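A.B. asks: build me a model:
(one chain, ligands or ions: 1)
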Amino acid sequence: MSEAVSFEPPRGMRDFYPADMVWRNRVFDAMRTSAAKFGFEPYDACVVESYELLARKAGEEVGEQIYHFQDKSERHLALRAEMTPTLARMVAQRQKELAFPLKWTTIAQCFRYERMTKGRKREHYQWNCDIIGEDSILAEVEVLGCAVDALKRMGLTTGDFKVHVSSRKFLGELLEKSGIGTEKHAQVFLALDKRGKMPDTEIAAMLKDGGLDDDEVAATFAIMDTKDYSASAELSALFKMAEAAGFADALVFDIGVIRGLSYYTGIVFECFDTKGEFRAIFGGGRYDNLLTTIGGEPTSAVGLGFGDVVVTELLKARLGDAAAQAPEGVAVGFMFPEQAAAAVKLAAKLRERGEKVNLALHPVKPKRFFSRADAARAAKAVFLGPDDVERGVARMKDLATRTESEIEL
Ligand code: HAM
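C.D. replies: I've put the predicted structure just below:
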């Protein structure tokens, strides 16, 4: 029984030390602020769902990656791999009472038994913004505008990232024009989603498995070179409205964006860093049939999932570690035990004024005090020595400019 336990978390799971929380908070704060600015209402649900709700069609990666188990009453349960089925369930449950369109947001921890690569863990937090019950392209515009707003709020520019946009409907029309019937489209989408992740010869084999002949496979690859979206009314409208909203520079048309999940029916999008170093930053699109597949009334929906892993890697790479948190608050320290009461009193007074105060818990030498205050990224510091307490006045040092101002004790 006394065998040593590993200090590592289970493979693919993360610990968040305070230094990691600084990044996580920066990312979450931007997500929450942008969602609120765009009028999304927060919601939440438990991470455990019924396996049945989450289980998926064969061939879909997410379905194969679900962590699932039986509880003591032999219920088949699972940890959610994404929030969308839960959202659909919650909306279907109250479909008669809710006032549509809904604009809902959450940051949900999700679990997927993935092959571990850069940017992919077995647990991640995923920010979701969904608009339910709205056919207008403005739903796509608001969801995308909100995600772009959050990326900028985090400190990135449209030089750092681009949202690649396409439409499954448009791609379906192009396939149909080549004689590939709609009954084959689901298979074609699944195969095309693997492009870039496996050689085209294997994609071709997948397409043939899906019932395409050689000419149709060739036609499908030719379609993937499409650069002009003007034949698609919805893509044209999306780009036009993004222009009006002021974020068209963040979008590019890319017929190669398919999405791995089979529930998408219209516009689909995926955001990547412009240098192509990282996995997708976020992804989403329109999914008009999900509620009906779980038994609800037909309802149109658009949404996105935006993970915390890739964006944090990207922020660290582009902004550097120091950018995680701007200096803030006041460090208060004292030289000898005799100044402890004055330091405690000063800390209380500053906190009452709304300052964040980090009070030293024991006497310390000035040099050590100031170097710790710098390391803790305090904005200001007050150090009390015997003379200060006697005079009733201390000096508050601005740690960035190294200028001092007097403060009454
Ligand atoms: P998804 O593309 O599977 O879509 O995931 C969305 C985002 O979650 C990804 O772009 C990535 O940022 C993050 N993500 C996914 N898996 C992992 C992982 N193993 N490790 C780290 N990050 C990950 C969905 O989940 C859809 N339900 C999104 C959606 C919402 N569509 C409509 N509404």
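
A.B. asks: look up which residues are beta-bridged to whatever residue of the stretch 101-250 of the chain ends up closest to the ligand.
C.D. replies: The minimum distance from the stretch 101-250 of the chain to the ligand, using Cβ to the nearest ligand atom, falls at His124 (3.5 Å). C-beta: built from backbone N, CA, C; applies to glycine. Per DSSP bridges, the residues bridged to His124 are Cys110.

A.B. asks: wait, doesn't it sit right on Ala108?
C.D. replies: No - using Cβ atoms under 8 Å, His124 makes no contact with Ala108, being 9.5 Å away.

A.B. asks: what about Glu338, neighbour count?
C.D. replies: 13 (other Cβ atoms under 10 Å).

A.B. asks: cool, Thr157 as well?
C.D. replies: 12.

A.B. asks: on that earlier part again, state the pLDDT value of the residue of the stretch 101-250 of the chain closest to the ligand.
C.D. replies: On pLDDT, His124 comes in at 98.

A.B. asks: next one: Lys37
C.D. replies: On the pLDDT scale, Lys37 is placed at 98.

A.B. asks: list the contacts for the residue nearest to it when sequence neighbours are not counted?
C.D. replies: Leaving aside its chain neighbours, Lys37 sits nearest to Asp149 (6.7 Å; criterion: Cβ to Cβ, 6 or more residues apart in numbering). The contact partners of Asp149, by Cβ atoms under 8 Å, 6 or more residues apart in numbering, come to 34, 37-38, 247.

A.B. asks: show me the shaky parts of this structure.
C.D. replies: Low-confidence segments of the chain (pLDDT under 70): 1-2, 57-59.

A.B. asks: and it, which residues reach the ligand?
C.D. replies: 82, 84, 112, 114, 120-121, 124, 126, 128, 130, 261, 280-284, 287, 303-307, 309-310 (Cβ under 6 Å from any ligand atom).

A.B. asks: tell me which residues are up against stretch 34-47.
C.D. replies: With Cβ under 8 Å, 6+ apart as the contact definition, stretch 34-47 has outside contacts at 32, 79-80, 83, 86-87, 90, 102-106, 108-111, 127, 129, 142, 145-147, 149-150, 153.

A.B. asks: which parts of it are buried?
C.D. replies: 34-35, 38, 40, 43 (16 or more other Cβ atoms under 10 Å).

A.B. asks: equivalent analysis for stretch 230-241, please.
C.D. replies: Quick answer for stretch 230-241 (16+ other Cβ under 10 Å): 232, 234-235, 237-239, 241.
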